[in-house]
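Asks: Dropping the sequence and predicted coords here.
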Amino acid sequence: MKNTIVAIATPPGKGGVGIVRVSGENSLKIAKRFFSPVPDNLEHSRMYFGKFKGEVEDTGYLVYFKSPKSYTGEDTVEFHLHGSPYILYSVVSSIINSGLARLAEPGEFTKRALFNGKINLIDAEAINTIISAENSYQAKVLSNLSGRLSDFVLNLKDNLIKSIAFLEASIEYPEEEETEDAVERAVPIVREALKSLENVLQVYEKSRFIFKGAKVVIAGKPNVGKSSLLNAIAGFERAIVTEIPGTTTDSIEVDIEYRGIKFSFVDTAGIREASGLVENLGIERTFKELEESDLILYLFDSSDKDFVLPDGFERFNSKIIKVLNKIDLFDIVEFNGLKISAKKKTGIDKLLDTVFDFFNKIDFSENFVFSERQYSSLKQAESVLLKFLDIAEDKVLPEVGVAVIGEAVEILESVIGEVTTDNILDSVFGNFCLGK
């Protein structure tokens, strides 16, 4: 981390102001070489008005952040200039050609903050996720979430370390009464840790749609209006609508954002006895989509004699909303579900609100896991702790308990970045932008 790095910190394209960020031991040299006037003793976090003089000249501001009170923990300077891409690239080129700095790698400023103890790995992931936030839900969750999750993981780790300390004491002083039955006495601590982990993992499983989007599959018999509903939701003719049963054989997908949530609505082949190989493949694909869905809108035709779900749909009951279509043709009074006319676009807003309400059950005060890396690591820690409970029933030696709980502690340390590998760092920083 001895090298000084430079990069444009503002998004690509034209803008009123553009920022070039420099971090490292040559930051002050670069400021004094390329910007004037610069006082002999720059004050921390103060803006100085002047002119950048390099391959291009431009008036603007210089800001100095003294180590360790900077984002990276290193001496840092920023040039706030006009937001012309040509000017900003020329500034970066001037600094690189001086030999005083090199171009930063994607996410390297944040990586330096991590290595210099300014943030942990969860904070780093939160920073990148906030930058990439695509809807109000993501911004709301991430605005105060990383610190809470870090505290949760650290508290979990500390409690497990206490159980390890007690187990190690029983190894060192086996004759002491206080250390008897050490493995059994560690069980309640591990059970409590597992309960906390289970709650956090369940929250992620319920709220994954915030970061991944929600997949909503439209299903039903042929010609109940599935494609018409997809078109009504999309606002344009995305799917072909005909009177011929089995027209839709491939799944057709439309992405929309509604009230801050990204939804992928999928039109599927009608469910019936297939009349040919192609239609049969389409129906197989429908059931694959149903398995992978977060929610199913099952359509009935208002001319149907009954409104019973097909055999095999019982396993989807927790994620099915029944929808009666074509109410413009037949007035059905009793129906346990939503009533719409996809063709006339009647009831579509209410349907979308109902879909939204199905997912809008998140308690934002809970601890949130917000990346697949965090989720898979905590899931792995859960598995290891469950293994400890299994072996504890066999009256294992304390040494075995130390090894197993210690493995769980190491996994938790990898979540917050106290223990890292190149693979972990690559997974976190690989999607960062250049100037962050």
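Replies: Thanks, I have the structure now.
Asks: Residue 339 reaches residue 322, doesn't it?
Replies: No. Taking contacts as CB atoms under 8 Å, residue 339 lies outside contact range of residue 322: 10.0 Å. Any C-beta I mention is one placed from the backbone N, CA and C, and that applies to glycine too.
Asks: quick one: the strands in the stretch 101-250 of the chain?
Replies: Counting by DSSP state E, counting those that start in this stretch, one finds strands in the stretch 101-250 of the chain at the ranges 102-103, 214-220.
Asks: Which neighbouring elements make contact with the shortest one?
Replies: What it means is strand 102-103. strand 5-8, helix 85-97 (3 or more CB pairs under 8 Å, 6 or more residues apart in numbering; DSSP states H and E).
Asks: so where is the protein shaky, pLDDT-wise?
Replies: Scanning the chain for pLDDT under 70 picks out 1, 140-146, 174-180, 236-250, 272-283, 333, 364-365, 419-436.
Asks: Mind splitting it into its structural domains?
Replies: 5-104, 134-207+371-429, 211-359 (automatic domain parsing).
Asks: Select, out of those domains, the one closest to residue 124.
Replies: domain 134-207+371-429 (5.8 Å; CB to CB).
Asks: hang on, the earlier thing: so between residue 339 and residue 322, which is more surrounded?
Replies: residue 339 (20 against 17; other CB atoms under 10 Å).
Asks: who touches that one in this structure?
Replies: 323, 324, 327, 332, 347 (CB atoms under 8 Å, 6 or more residues apart in numbering).
Asks: if you look at those, which of them are in strands?
Replies: Of these, the ones assigned to strands by DSSP state E are 323, 324.
Asks: Pipe the contacts of residue 339 into TSV and attach neighbour count and distance to residue 235 per row.
Replies: What follows is the contacts of residue 339, written out as TSV (neighbours: other CB atoms under 10 Å; distance: CB to CB, whole Å):
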residue	neighbour count	distance to residue 235
323	26	18
324	22	22
327	18	20
332	14	27
347	19	15
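Asks: Mind putting the contacts of residue 339 into CSV with distance to residue 305?
Replies: Listed next are those as CSV, based on distance: CB to CB, whole Å:
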residue, distance to residue 305
323, 17
324, 13
327, 16
332, 11
347, 22
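Asks: Please identify which pair of the contacts of residue 339 lies farthest apart.
Replies: So, these by CB to CB: farthest apart are 332 and 347, at 12.9 Å.
Asks: which ones are touching residue 41?
Replies: Residue 41 neighbours (CB under 8 Å, 6+ apart): none.
Asks: from now on call the first residue 51
Replies: Yes, from this point I'll number from 51; that puts the last item at residue 91.
Asks: Confirm that it sits in a helix.
Replies: No. Residue 91: not assigned to a helix; according to DSSP: H, G, I helix; E, B strand; the rest coil it is coil.
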